[in-house]
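1. this one's sequence-less:
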């Protein structure tokens, strides 16, 4: 198996029954897909299962695959769709348990409690990082998708447009709104400008400019 073969070539080989080609695709993209799921859903216990499900569905869809776009565009689109379905299912479950006590997995609610603290009381680095991560998670779905694909996965405007089925102008607009929303959120909860700057330099608040 040629480790340098293009993704589309590997997928077409897999369509013809070459199982090693699929193994190569998984090895090449599994870390990126897991990172994408984690960034979109936050520190979710189901992230690894969802990332694995992406490749299970890729395996099952091999006969219907058509190389009409970059393979990563195809893979990222399927990953984000799976994440969105997961979020909607979670919301549906919560509507049937509104009076239930907050679970340990509801990390966003816990972080809202942390935000009520005085910014001068010495929040730890981990807490500050959690606030930045939560700010990204709180963005509207389209803004969160575009920002993650742009800043953490390095996709161009065109690639994001293809992945999210949007125009390039729409992508630029969504990214601008995402940056403005992050700027507003972090300025409220991380009032020390050095903290915000530090988050940007570490890559946690990329796009806040």
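-> Thanks, I have the structure now. Fair warning: this is a prediction, and the values are worked out from it, not measured in the lab. Residues are numbered from 1 along each chain as shown.
2. From here on, just use CA atoms for contacts and neighbour counts.
-> OK.
3. quick one: pLDDT of residue 43?
-> According to the predicted model, the pLDDT of residue 43 comes to 73.
4. Same question for the one 4 residues further on.
-> On pLDDT, residue 47 comes in at 92.
5. same question, residue 133
-> Model confidence at residue 133, expressed as pLDDT, equals 82.
6. That one and residue 19, how far apart?
-> 38 Å (Cα to Cα, to the nearest Å).
7. Out of these two, name the residue with the larger neighbour count.
-> With other Cα atoms under 10 Å as the criterion, residue 133 and residue 19 differ in neighbour count, and residue 133 comes out ahead with 19 against 14.
8. hey, which helix or strand in this structure has the poorest pLDDT?
-> Scoring the helices and strands of the chain by mean pLDDT, DSSP states H and E places helix 107-115 at the bottom, with a mean of 38.
9. following it, which helix or strand shows up next?
-> Once the chain leaves helix 107-115, the next helix or strand it forms, by DSSP states H and E, is helix 125-137.
10. That next one: how far from the chain's middle?
-> Its chain's C-alpha centre lies 14 Å from the corresponding centre of helix 125-137 when counted by Cα atoms, centre = their mean, to the nearest Å.
11. Next: stretch 34-51.
-> The gap between the average C-alpha position of stretch 34-51 and the chain average comes to 8 Å, counting by Cα atoms, centre = their mean.
12. Tell me which helix or strand the residue minimising distance to the centre of the chain sits in.
-> For the chain, the residue lying nearest the average C-alpha position, counting by Cα atoms, centre = their mean, turns out to be residue 40 (2.9 Å). Counting by DSSP H and E, the element that carries residue 40 is helix 19-41.
13. just checking, next helix/strand downstream of that helix?
-> Reading on from helix 19-41 to the C-terminus, the next helix or strand found by DSSP H and E is helix 47-60.
14. that older thread, just checking, what packs against the helix holding residue 40?
-> The elements that helix 19-41 packs onto, with contact taken as 3 or more Cα pairs under 8 Å, 6 or more residues apart in numbering; DSSP states H and E, are helix 7-15, helix 47-60, helix 71-94, helix 125-137.
15. which helices and strands does the second one pack with?
-> Helices and strands in packing contact with helix 47-60 are listed as helix 19-41, helix 71-94; criterion 3+ Cα pairs under 8 Å, 6+ apart.
16. Tell me how far it lies from the chain's centre.
-> Computed by Cα atoms, centre = their mean, the chain-centroid distance of helix 47-60 equals 15 Å.
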